[in-house]
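Chemist: Sequence first, then the predicted structure:
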Amino acid sequence: MLFDLGGTLVDERDFPGWVDLARRVYLDLDADTLAHFYAEVERELDADPLGLDRQELMVEFWRRVLSRASGKAVDAAAADRFRGLLHESEPPIQLYSDVRRCLDQLKSERRSLGVISNSSSEAAVRRILDRVGILPYFGRVVSSGTEGVAKPNPEIFRRAVDRLGVGPSEALFVGNLLVTDARGAASAGLHAAWLNREGMEQGDDPPEIMSLLEVPLVVARLERPGATAGAAPPRS
């Protein structure tokens, strides 16, 4: 069992705090409007990341979000300054309410658990997992910043399953982004589930869930004899 980090296990969004930071780059924003355009641009760049590296992609992400939320054009330099302010701050990271119950159930079934994150480093991911009290659940942590390759590239998924000592068809990956997470994992030969906390939209390609509490049910379906989706995630 492999999970994405932000938007899946932890909520790193801080719209009121980001409104305060935006004032430091001379932008007056409303938190609800910011939240709306954050989600809109996240979907856009998930579907079409423009071939940018992580830093360039984050600058473009915030350029679009800040421009739409403020109602005026924000250039890349201002977006990069805002991004820098974000890195200097300590976000109020929260564990989603369904995470611990999901992880407890999977561990009781003796599943091997890991994290794959597009992030600055493995150490940074481990700090976040430790901060919210779930680091001991995970035997492997794979970060794009450390690996030099990012989701949806199949290579990062293959490295993760190799380190768990299983084949791609023996692993299930769960993430909150349809293309970057779910379809990226599927392209590497893993089973995949798209965690869409906002509601059902895309059907069953890949399978869509609304809560991590559904993950053990997805695993159980994969374990049924004759299941067409392939082998189930392994027991340790």
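Modeler: Noted; the coordinates are in hand.
Chemist: Tell me where this structure is predicted with low confidence.
Modeler: 200-203, 225-236 (pLDDT under 70).
Chemist: Strands of that one, residue ranges please.
Modeler: Counting by DSSP state E, the chain has strands at residues 2-3, 10-11, 94-95, 114-117, 140-143, 172-175, 191-195, 208-209.
Chemist: Let me have those in CSV, adding mean neighbour count as columns.
Modeler: The way it works is simple: take the backbone N, C-alpha and C, and place the C-beta from them, glycine included. Listed next are those as CSV, based on neighbours: other C-beta atoms under 10 Å:
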stretch, mean neighbour count
strand 2-3, 27
strand 10-11, 20
strand 94-95, 14
strand 114-117, 26
strand 140-143, 22
strand 172-175, 27
strand 191-195, 25
strand 208-209, 18
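Chemist: Which one of those strands lies nearest to residue 181?
Modeler: Evaluated over the strands of the chain, closeness to residue 181 peaks at strand 172-175, with 2.5 Å, by C-beta to C-beta.
Chemist: I'd guessed residue 34 sits against residue 67; true?
Modeler: No. When contacts are counted by C-beta atoms under 8 Å, residue 34 is not listed as touching residue 67 (11.6 Å).
Chemist: Looking at the two, which one has more neighbours?
Modeler: residue 34 (22 against 18; other C-beta atoms under 10 Å).
Chemist: which residues does the residue nearest to the more buried one when sequence neighbours are not counted contact?
Modeler: Nearest residue to residue 34, sequence neighbours excluded (C-beta to C-beta, 6 or more residues apart in numbering): residue 69, at 4.6 Å. Counting by C-beta atoms under 8 Å, 6 or more residues apart in numbering, residue 69 makes contact with 27, 29, 30, 33, 34, 36, 37, 38.
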